[in-house]
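Participant: Turn this into a model:
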Amino acid sequence: MDTVVGNTWLLYLNECSDVGLQQSKQLCLLEFKYFISPALAKEGHVVYTKRVSISISVEDIFTVRN
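Facilitator: Presented below is the predicted three-dimensional model:
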């Protein structure tokens with residue numbers, strides 16, 4: 001995981017250079033890790049929504065289709 005974060009930080013630095021962001025305003029690796037940590041903490045967590053059950057009979061299905 002640390003390799004992925006390091007490579008992503010290098011991509012971030014390249015983007016900063018491309019847009020002309022001053023080096024003093026760019027995030028160091030530690031700051032970068034701090035800002036992405038909430039997203040990494042949520043990785044793998046699935047948010048489930050409450051399922052609503054619908055009661056329908058077979059007769060209702062045929063009357064809707066016809």
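Participant: what bits of this structure have low per-residue confidence?
Facilitator: Scanning the chain with the threshold set as pLDDT under 70 gives 45-66.
Participant: Which stretches in it count as helices?
Facilitator: 2-19, 29-41, 58-65 (DSSP state H).
Participant: Just put those in TSV and tack on mean neighbour count.
Facilitator: To be clear about C-beta, it is placed using only N, CA and C from the backbone, and glycine gets the same treatment. Below are the helices of the chain laid out as TSV (neighbours: other C-beta atoms under 10 Å):
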stretch	mean neighbour count
helix 2-19	12
helix 29-41	11
helix 58-65	8
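Participant: how many neighbours does the closest residue to Cys16 other than its chain neighbours have?
Facilitator: Leaving aside its chain neighbours, Cys16 sits nearest to Gln26 (4.8 Å; criterion: C-beta to C-beta, 6 or more residues apart in numbering). A total of 15 residues lie near Gln26 under the criterion other C-beta atoms under 10 Å.
Participant: Report the separation between Gln26 and Ser37.
Facilitator: Noted for Gln26: a distance of 18 Å to Ser37, by C-beta to C-beta, to the nearest Å.
Participant: Ok, Leu30 next?
Facilitator: 11 Å.
Participant: How about Gly20?
Facilitator: 27 Å.
Participant: now do Leu29
Facilitator: 13 Å.
Participant: What of Val5?
Facilitator: 10 Å.
Participant: Show me the common contact partners of those two, please.
Facilitator: When C-beta atoms under 8 Å, 6 or more residues apart in numbering defines a contact, no residue borders Val5 and Ser37 alike.
Participant: shouldn't the residue nearest to Cys16 be in contact with Glu15?
Facilitator: No - Gln26 is beyond contact range of Glu15, at 9.7 Å (criterion: C-beta atoms under 8 Å).
Participant: give me every residue that touches Leu11.
Facilitator: Leu11 touches nothing, counting by C-beta under 8 Å, 6+ apart.
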